[in-house]
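Chemist: can't give you the sequence, but here's the structure:
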């Protein structure tokens, strides 16, 4: 499905997406043998985030730092920051991760995605010099014990998305990168690649709905 | 939650996810996403691409003492708490800009009972609150560029249907419409405009053709 009309019939889409289109995600616990390295890593990051939030675990933080800090710095440099500004800004991003760890919701975002949003917001602060308004935080989330099946399912969707991007022809992959570095001219438009965003969208939508019901 | 009929399209959410929208439109999108779970889910899935890009990126070297400097920054600092706000007519990003809810708005009469309050204006666009008396048509306004309207209270109707709280309408130069506030309640909208027609060109249109949502 393309962008147009994606917003119509949300509930019907959700039911389809959750129950029929991707039956393998209905039984995440039975997929133990086929869990990929990528998913295992995602699961480890989630565990470490919990260790930071609950026990101020510096070792867990150092492990997340070693993996993500060089990437965040690269992202900031690709987005136009010079080396020293990127270093300083990356340190702010990672410090924010520590201080906001309790707000991270693994049923709605991978750790990498969550870090991306912190880095993007910091980038806007610095390079555009304004504190961008952010959507209202959900007053009912995250749950203290998010549903494990939800978390695993989201990790699987994240993996599929990463694989889909990894499998794109170099030129299209580069375009996506540049879009997210905020460096894109509208003349550069490629053909459809069919990144598997529909599933992840339905997943997040269900997680939001579940949170809403659990709190009402 | 009210049932929202008119959602922001993905090219706009993509612009927000990548941080490339004009400032005036950022406020409208943040407010819309606050009111719409569907828009929030789509925004967060577009942000997931950002997470995948972060994993895919070529890493760079850190400063030698990078980790210890970061740990020093953390120091004994307390966790950041989610900002508190009073649930009201305005979602929290708008309350932050206005400095409160509906009653804090410093309205200015612009004629025929219509009131407005300009919240931000720069060379890329302007964002304002508009209040239109029930049953009255919107003031005449040009459609030289892109106009994004989010309904916060009441409703309006035009050729595209009825727009109520949480609904968003994006009109560009090709759209010729006459919105009229529905009877019963004054209609309050958050409206961003870009009179210079740059908006659509700057948007990352890349999303539309090749992200198969």
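Modeler: Nice, thanks for sending it over. These numbers come from a predicted model, not from an experiment. Residues are numbered from 1 along each chain as shown, chains lettered A, B, ... in the order given.
Chemist: please make it C-alpha for all contacts and neighbour counts, starting now.
Modeler: Noted.
Chemist: give me the longest helix you can find in chain B.
Modeler: helix B:37-56 (DSSP state H).
Chemist: what are the contacting residues of that one?
Modeler: A:7, A:10, A:71-72, A:75, A:108-110, A:112-117, A:158, A:161-162, A:165-166, A:176-177, A:180, A:197, A:200-202, A:204-205, A:208, B:7-8, B:10, B:13-14, B:17-18, B:32-34 (Cα atoms under 8 Å, 6 or more residues apart in numbering or on different chains).
Chemist: try it again at 7 Å.
Modeler: Outside of helix B:37-56, the residues within contact range by Cα atoms under 7 Å, 6 or more residues apart in numbering or on different chains are A:71, A:75, A:109, A:112-113, A:116, A:162, A:177, A:180, A:197, A:200-201, A:204-205, B:7-8, B:13-14, B:17, B:33.
Chemist: stretch A:112-120 too?
Modeler: A:72, A:93, B:19, B:47-48, B:50-51, B:54.
Chemist: pick out the lowest-pLDDT one from these.
Modeler: Checking pLDDT across the contacts of stretch A:112-120, the minimum falls on residue B:19 at 89.
Chemist: and that one, what does it touch?
Modeler: A:120, A:124, A:182.
Chemist: closest one to residue B:72 out of these, please.
Modeler: residue A:120 (22.7 Å; Cα to Cα).
Chemist: the closest one: neighbour count?
Modeler: Other residues lying near residue A:120 total 25 when counted by other Cα atoms under 10 Å in any protein chain shown.
Chemist: quick one: it is in a helix?
Modeler: Yes. Counting by DSSP: H, G, I helix; E, B strand; the rest coil, residue A:120 is part of a helix.
Chemist: measure it to residue B:133 for me?
Modeler: Using Cα to Cα, to the nearest Å, residue A:120 is found at 40 Å from residue B:133.
Chemist: and residue A:105, by the same measure?
Modeler: 42 Å.
Chemist: now do the contacts for residue A:87.
Modeler: By Cα under 7 Å, 6+ apart, the neighbours of residue A:87 are A:73, B:62.
Chemist: local confidence estimate at it?
Modeler: 97.
Chemist: name the element it belongs to?
Modeler: Here residue A:87 sits within helix A:83-100, counting by DSSP states H and E.
Chemist: for that helix, the distance to its chain's centre please.
Modeler: With Cα atoms, centre = their mean, to the nearest Å as the basis, helix A:83-100 stands 18 Å off its chain's centre.
Chemist: so how far is residue B:70 from the residue lying farthest from the centre of chain B?
Modeler: Distance to the chain centre peaks in chain B at residue B:64, reaching 40.9 Å (criterion: Cα atoms, centre = their mean). Applying Cα to Cα, the value for residue B:64 to residue B:70 is 12 Å.
Chemist: residue B:80 touches residue A:102, doesn't it?
Modeler: No. Using Cα atoms under 7 Å, residue B:80 makes no contact with residue A:102, being 8.8 Å away.
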